[in-house]
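# pasted the sequence and its predicted model underneath.
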Amino acid sequence: MGPEAAHSLVTGGVRATQSFVPPIIHPVYSYDRPELKQFLWRVFFASPVGLAAGFDKNATMARALSSLGFGFLEVGSVTAKPSKGNPRPRLFRLESDKALINRMGLNNHGAERIARRIKRIKHKGYAPLGINIAKTHDGDIVGEAAIDDFRESFRILSPLADYVTLNISCPNTKEGTTFEEPAALTELLDAIFELRREMNSEVPVLVKLAPPLSDKVVFDSLIEEIVSVCIEKGVHGFVASNTAPDRKNLKTSSARLQKIGSGGLSGRPLFKRSTMLVNYIYSRVDRKVPIIGVGGIDSAEAAFEKILAGASLVQVYTGLVYKGPRLVKSIKSGMYQLLKKHGFASIKDAVGSGTEALHEAVDQSIIKPTG
Ligand SMILES: Cc1cc2nc3c(=O)[nH]c(=O)nc-3n(C[C@H](O)[C@H](O)[C@H](O)COP(=O)(O)O)c2cc1C
């Protein structure tokens, strides 16, 4: 079965059953340890393992997904106007790389409809809900209109969110430029923070970044500048990272890659560089601004490495596709074991404390993944 058809089948089943789901974690998926709990932005996270944006774009499964034991969910990306996204096929499995390539094109039901749905499901009592917003997928919405588009989504959705993520790495013009350009980002953040003040809102605002273009992570001045703008404007957190446009170091044949065409790469090949980005941001913000680490997590060790690199929370998407929902519990229980093994009292204690030796140890076990 094609990957998008498989996704629709699974999500259809999940949606159909969720009206019977009480706000508790199913015993098969439950794993409750005080060491894994944290308060961040005054929000309580029962565990640091969350669902990454893109899996539940329309917030149709939030209740059921909560019962799988996620510590939090990020729904979206939601855009001000609904969008069908790109023509199919637009999602591809790279089995041998444990990766995916997608060019979904921000398909979603739009901010108004999704807001009505979130209100209806009354998410209270379930896992904290992040709402990821992006610019409507329309090459004619550029400049000032692109910022207004973001503001519209923020106005409609932020009152319903435990945190809002600005997905700035999606194209904003026909030429494919994004808000990951210091001047454009400055304007966007000014506009969002002004609206947040007008709304008397205290919702945390996070920024989701694209990964660096290589595992070597020579941090170019652009990433430095982007992070500086975010810090200066007072963002409350970072999500690192989104998918990558390039196709470096893959086992999948170049003929197949050529046939697939363009799209964002996710999964294992993204692990190292997205972790390096977490570590770079951490070195700039210390503990003052929490980071959500995402990219290639498919084991407790990989999740732990993100924490050591400086992430306070982690998210999974592609790992879930390959390993199924039990991955969430196995990360939580494995992470607890790793905390004990390395003498950390809690997740909070471990955040950013990756020593050289620890890095090396984890590096050997997971940066060159087996199987
Ligand atoms: C099919 C698919 C759709 C995605 N859609 C979105 C999206 O709408 N917004 C977003 O911010 N990230 C989106 N992502 C990126 C993920 O949230 C995540 O950042 C990325 O896949 C890396 O994590 P992973 O290696 O665990 O998959 C999508 C990823 C995939 C595979």
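Arrived safely, thanks for sending.

# C-alpha only now, for contacts and for neighbours.
Will do.

# in which helix or strand would I find the closest residue to T186 other than its chain neighbours?
Once its chain neighbours are removed from consideration, T186 has its nearest residue in V229; the separation is 6.4 Å (CA to CA, 6 or more residues apart in numbering). Taking DSSP states H and E as the criterion, V229 maps to helix 221-233.

# residues of that helix that come out buried?
For helix 221-233, the buried set under the neighbour-count rule, 16 or more other CA atoms under 10 Å, comprises 223, 226-231.

# dump those into CSV; add distance to the ligand and pLDDT as well.
Compiled in CSV, these are given as follows (distance: CA to the nearest ligand atom, whole Å; pLDDT from 0 to 100):
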residue, distance to the ligand, pLDDT
I223, 17, 84
I226, 17, 92
V227, 17, 92
S228, 21, 93
V229, 19, 96
C230, 17, 96
I231, 20, 95
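
# I'd like to know which elements the longest strand along the chain is packed against.
Among the segments of the chain that qualify as a strand by DSSP state E, the longest is strand 72-78. Contacts of strand 72-78 with other secondary structure elements, assessed using 3 or more CA pairs under 8 Å, 6 or more residues apart in numbering; DSSP states H and E, are made with strand 49-51, helix 62-66, strand 129-133.

# correct me, but the residue nearest to T186 touches E181?
No: using CA atoms under 8 Å, V229 and E181 do not qualify as a contacting pair, with a distance of 9.8 Å.

# where does pLDDT dip in this structure?
Segments of the chain classed as low confidence (criterion: pLDDT under 70) are 19-25, 122-125, 171-176, 214-220, 355-371.

# tell me, how many residues neighbour A145?
The number of residues packed near A145 is 12, by other CA atoms under 10 Å.

# helices and strands around the helix or strand harbouring L265, which ones?
Under the criterion of DSSP H and E, L265 resides in strand 264-267. For strand 264-267, the elements it packs on are strand 99-102, helix 318-323, judged by 3+ CA pairs under 8 Å, 6+ apart.

# check which residues of the helix or strand that contains E4 are buried.
Using DSSP H and E, E4 sits in helix 3-17. Judged by neighbour count using 16+ other CA under 10 Å, the buried positions of helix 3-17 are 4, 11, 14.

# that's a strand at E144, yeah?
No: membership of E144 in a strand is not supported by DSSP: H, G, I helix; E, B strand; the rest coil, which gives helix.

# so A191 is in contact with F154, correct?
No: using CA under 8 Å, A191 makes no contact with F154, being 10.4 Å away.

# quick one, which of the two is more surrounded?
Comparing A191 with F154 by other CA under 10 Å, the one with more neighbours is F154, at 28 against 15.

# and the gap between that one and D148?
10 Å (CA to CA, to the nearest Å).

# what is the neighbour count of P34?
In terms of burial, P34 registers 12 neighbours under the definition other CA under 10 Å.

# wait, G264 touches G105, no?
No: taking CA under 8 Å as the contact criterion, G264 and G105 are not neighbours in contact, 10.3 Å apart.

# what parts of this structure come near the ligand?
By CA under 6 Å from any ligand atom, the part of the chain that sits against the ligand consists of 52-54, 76-77, 100, 102, 106, 167, 241-243, 266-267, 294-297, 316-319.

# need the contact list for L339.
With contact taken as CA atoms under 8 Å, 6 or more residues apart in numbering, L339 is in contact with 345-347, 350.
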